[in-house]
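*Asks:* Kindly return the folded structure for what I paste below:
(chains A and B)
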Amino acid sequence: MNYFTPGPIIYSGQPTIFFPGYHKDAVSVQLGNSDDLGGSSGITSYFTSQSLSWVLSAGEATTWDTASLPPGPPTGVPTPSALFCPATMVPAIPILSFGGTYPHQLLATLLNPPPAQLPVTLASRYSLTCPATDCAPTDNNGVGLTNLQYQNGNIYADVRLPVGSGTFVDWPELIASVNGTVVAFGHMPILEAMQCSASLQPPSLSGALLGSSYTQSFTATQAGETFTYSTTGALPPGLAFASGTLSGTPTAGGTYPFTVIATPSDSSCAATANYSLTVAGPTCANDVTSQVAVTLSGLKRNLATGQWTETVTLYNPGSATISGPINLVIESLSSNAALVNSQGATNCFAPAGSPYVSAGSSIGAGQTASVTLTFTNSQPVQSITFTPRVAAGGNQI
Amino acid sequence: MIRLALLLAGAMSLAHAATTLTIIVNNGTTFLDGSSLNGGTTYYAAFELTGGDASDSTALVTGIDLGGGSAVALNLSDTFGSFTVGPNGSDPAGAFQNAGTLQLAVTPGNSYSQYAQQFVAGTQFSFTVALDGVYAGGIPDEFSFQMYDSTLSTELYEQDLDILSTSTIPEPGTVVLCLLGFPILIARAVWVRRSRQYPNLT
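*Replies:* Residues are numbered from 1 along each chain as shown, chains lettered A, B, ... in the order given. Here you go, the predicted model:
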């Protein structure tokens, strides 16, 4: 057993590797041979005494027990993750181990002791420094750490915890290499307690109408995260869920409970929400023509377009608002004319097949609503005639 | 009595109060495209009378003033329906001839009259229109004055006048006519009746 006060570690013939941030006074070095791999201590080293050397910073000192050194370099190149990240590793044991030196490769692993609970906030970035020319961050167990990046010598990890989780430990890993050769990698345990904040929108659904097109998108948001969406439960017949959107034309009435699940790319922070969608049957608009004073302007023809226009004004002389939607139905339109700006044809509002135009959401007491009608007239010598009727309310005309 | 009724109806019809309006377009008028009347530019002036209800209507356009501009010869393809140009109906300048007049008419059976003619603008374009007709309910008859560019592709100006007069009260002149006419008609009716009762056998 050798106790080592780490500092700037210089490997002969290799770049200087810094692992700042670990606790010097808690680090120990155990050197063993390949038989230690996977042992309960999790301490593994490969090196030859002839090629391994280091220079301590001022004030740092160590002793070195060469008796435990293996007789020579192992054959082959050990895999860093297999060598230095055994699953049985106990984070509480501070470990510093150095890999062996091979003719053109030096492997070194620094396993830092877990610091006191890191002040990590949701989706915050945790960093450690890698001065090597290229660093490849990885995440050992893939829980809560996403978006590992190397930027300007620092390794960043977005930290995120599953909903409802308490404390957990993760092991972001730094692999430093020079010119494609791995020279070092290190672990930085993170101990933290966080919760996901993602929630699904909307919180509830408005009703759908039987036989009418329906579209509703669901979204979950959390910084730096991309979600995929799925559902459980029975969707209304005629509707389908794809890419976070429920859409289609309901073909059966009723109430349909289902759950939407938004799963982030690292699967660590899924959001779910329960919904209930009611598909209602159609209700027909009421004929409120007798409650409205209808004024028609004269017709005129635009010589540039060849179309005829006139304005219809609807006045509510009553003391109560006429609730909408308000639609002006053009009944018995003369055969020489066609309504260009028709927004549909009556279905349940008799007589069926008459074109109509929206006249707004409602007409307040004493208020007016105006509608401009645009026609084509195949026989200009014949006047355009029709009977205006006013439809209000309902969800079908 | 039938003749009496016809005469009375005719007198009242002739005496409907006409609505008169003067329309002036000059370089202070902002067109629909934001421009204004530009002297020397060719425009279309269009007069329309469109029938909507079950009554006849006329629009008499007089006092046409091109403000120093000039008429472009009338193209009959730019007209439609019933119209009359005066005082010289064969003048190529059409309604834009000196002291020219234009009368448009619509009936329930001929519901659209249109007169459009090009002119080269001067400082203004103005006219007076007298509308005559009775609103019979439904869609009213409407007079519309519009201006377009020289290719009839862009509408620049529009003034619409609905004929909404519902008055059937004779004007004072009509009352005088009626006061004069009623005794005559009554006397004639009595004379005819007596003539039938007491034929002249001589």
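
*Asks:* just the strands in the stretch 251-397 of chain A please.
*Replies:* For the stretch 251-397 of chain A, the strands defined by DSSP state E, counting those that start in this stretch cover A:254-264, A:271-280, A:286-287, A:293-296, A:300-301, A:308-315, A:322-323, A:326-331, A:337-339, A:356-358, A:362-363, A:368-377, A:387-392.

*Asks:* The fifth one and chain B in contact?
*Replies:* So that's strand A:300-301. Yes - Strand A:300-301 reaches chain B (CB under 8 Å from any CB of the partner chain) through A:300-301. All C-beta spots, glycine's among them, are computed from the backbone N, C-alpha and C.

*Asks:* For that strand, enumerate the helices and strands it packs against.
*Replies:* Contacting strand A:300-301 under the criterion 3 or more CB pairs under 8 Å, 6 or more residues apart in numbering or on different chains; DSSP states H and E are the following elements: strand A:308-315, strand B:42-50, strand B:141-149.

*Asks:* got the angle between the last one and strand B:42-50?
*Replies:* Regarding strand B:141-149 and strand B:42-50, their directions subtend 170 degrees when assessed with axes from the mean of the first three to the mean of the last three CA atoms, to 10 degrees.

*Asks:* A:N377 and A:G306, how far apart?
*Replies:* 9 Å (CB to CB, to the nearest Å).

*Asks:* out of the helices and strands packed on strand A:300-301, which comes closest to A:Q343?
*Replies:* A:Q343 sits nearest to strand A:308-315 of all the helices and strands packed on strand A:300-301, at 14.0 Å, using CB to CB.

*Asks:* Could you spell out the sheet neighbours of that closest one, each with its direction?
*Replies:* Partners of strand A:308-315 in the sheet, by DSSP bridges, are strand A:293-296 (antiparallel), strand A:300-301 (antiparallel), strand A:368-377 (antiparallel).

*Asks:* In CSV: those, plus mean neighbour count and mean pLDDT.
*Replies:* Listed next are the strands paired with strand A:308-315 as CSV, based on neighbours: other CB atoms under 10 Å in any protein chain shown; pLDDT from 0 to 100:
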stretch, mean neighbour count, mean pLDDT
strand A:293-296, 15, 94
strand A:300-301, 22, 94
strand A:368-377, 18, 95
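
*Asks:* can I get these in CSV with distance to B:G67?
*Replies:* Output for these, formatted as CSV (distance: least, CB to CB, whole Å):
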stretch, distance to B:G67
strand A:293-296, 35
strand A:300-301, 25
strand A:368-377, 32
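
*Asks:* among those, which is nearest A:L246?
*Replies:* Of the strands paired with strand A:308-315, the one closest to A:L246 (CB to CB) turns out to be strand A:368-377, at 33.9 Å.

*Asks:* Compute the inter-axis angle for that closest one and strand A:387-392.
*Replies:* Angle between the axes of strand A:368-377 and strand A:387-392 is 130 degrees (criterion: the same axes, to 10 degrees).

*Asks:* what sits up against strand A:368-377?
*Replies:* A:299, A:301, A:306-316, A:326, A:328, A:330, A:336-341, A:357-360, A:363, A:384 (CB atoms under 8 Å, 6 or more residues apart in numbering or on different chains).

*Asks:* Quick one: the helices and strands packed on strand A:300-301 as JSON lines, columns for distance to A:T263 too.
*Replies:* Shown next, in JSON lines, are the helices and strands packed on strand A:300-301 (distance: least, CB to CB, whole Å):
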{"stretch": "strand A:308-315", "distance to A:T263": "51"}
{"stretch": "strand B:42-50", "distance to A:T263": "64"}
{"stretch": "strand B:141-149", "distance to A:T263": "61"}
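
*Asks:* and the residue in chain A positioned nearest to chain B, how many neighbours does it have?
*Replies:* The nearest approach of chain A to chain B comes at A:G298, 2.2 Å away (CB to the nearest CB). The number of residues packed near A:G298 is 26, by other CB atoms under 10 Å in any protein chain shown.

*Asks:* ditto for A:S243
*Replies:* For A:S243, the count of nearby residues is 9 (other CB under 10 Å).

*Asks:* List the contacts of the nearest residue to A:V288 once chain neighbours are set aside.
*Replies:* Spatially, and ignoring its direct neighbours in sequence, A:V288 is nearest to A:A392 (4.4 Å; CB to CB, 6 or more residues apart in numbering or on different chains). By CB under 8 Å, 6+ apart, the residues touching A:A392 are A:285-286, A:288, A:322-327.

*Asks:* can you rerun that using 7 Å?
*Replies:* Shown in contact with A:A392 (CB atoms under 7 Å, 6 or more residues apart in numbering or on different chains): A:285-286, A:288, A:322-324, A:326.

*Asks:* Which of those residues scores worst on pLDDT?
*Replies:* pLDDT across the contacts of A:A392 is at its lowest for A:G324, which sits at 82.

*Asks:* what number of residues lie near the residue in chain B that chain A sits nearest to?
*Replies:* Proximity of chain B to chain A (CB to the nearest CB) peaks at B:E142, 2.2 Å away. By the criterion of other CB under 10 Å, B:E142 has 25 neighbours.

*Asks:* Equivalent analysis for B:A93, please.
*Replies:* Around B:A93 there are 18 residues (other CB under 10 Å).

*Asks:* So it sits against B:A71, correct?
*Replies:* Yes - under the criterion of CB atoms under 7 Å, B:A93 is in contact with B:A71, at a separation of 4.0 Å.

*Asks:* just to revisit the earlier point, now tabulate the strands of the stretch 251-397 of chain A in TSV and tack on distance to B:F47.
*Replies:* Below are the strands of the stretch 251-397 of chain A laid out as TSV (distance: least, CB to CB, whole Å):
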stretch	distance to B:F47
strand A:254-264	62
strand A:271-280	54
strand A:286-287	39
strand A:293-296	22
strand A:300-301	11
strand A:308-315	16
strand A:322-323	39
strand A:326-331	28
strand A:337-339	22
strand A:356-358	29
strand A:362-363	35
strand A:368-377	18
strand A:387-392	28
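
*Asks:* Domain map for chain B?
*Replies:* Chain B breaks down into these domains under automatic domain parsing: B:1-17+B:168-202, B:18-163.

*Asks:* do you know which of these lies nearest A:T232?
*Replies:* Closest approach to A:T232 among those is made by domain B:18-163 (58.0 Å; CB to CB).

*Asks:* picking that back up, of the contacts of strand A:368-377, buried ones?
*Replies:* Buried by 16 or more other CB atoms under 10 Å in any protein chain shown: A:299, A:301, A:308-310, A:312, A:314, A:316, A:326, A:328, A:330, A:336-337, A:339, A:357-360, A:363, A:384, out of these.

*Asks:* Count the neighbours of B:A136 for me.
*Replies:* Neighbour count for B:A136, taken as other CB under 10 Å: 17.

*Asks:* B:Y115 falls within a helix, correct?
*Replies:* No - using DSSP: H, G, I helix; E, B strand; the rest coil, the secondary structure at B:Y115 is strand, not a helix.

*Asks:* Could you check how far it is from B:A95?
*Replies:* 7 Å.

*Asks:* before we move on, back to that, dig out what the residue nearest to A:V288 forms beta bridges with.
*Replies:* Going by DSSP bridges, A:A392 forms beta bridges with A:N286, A:I326.

*Asks:* Spell out which residues make up each domain of chain A.
*Replies:* Taken from automatic domain parsing, chain A resolves into A:2-193, A:200-280, A:286-392.

*Asks:* Name the nearest residue to the residue of chain B closest to chain A, sequence neighbours excluded.
*Replies:* Excluding the flanking residues, the one nearest B:E142 by CB to CB, 6+ apart is A:G298, at 2.2 Å.

*Asks:* which ones are touching the one you found?
*Replies:* The contact partners of A:G298, by CB under 7 Å, 6+ apart, come to A:310, B:50, B:52, B:139-142, B:160, B:162.

*Asks:* same thing but at 8 Å, please
*Replies:* A:310, B:50, B:52, B:139-144, B:160, B:162-163.

*Asks:* Kindly report the same for B:G63.
*Replies:* The contact partners of B:G63, by CB under 8 Å, 6+ apart, come to B:22, B:126-128.
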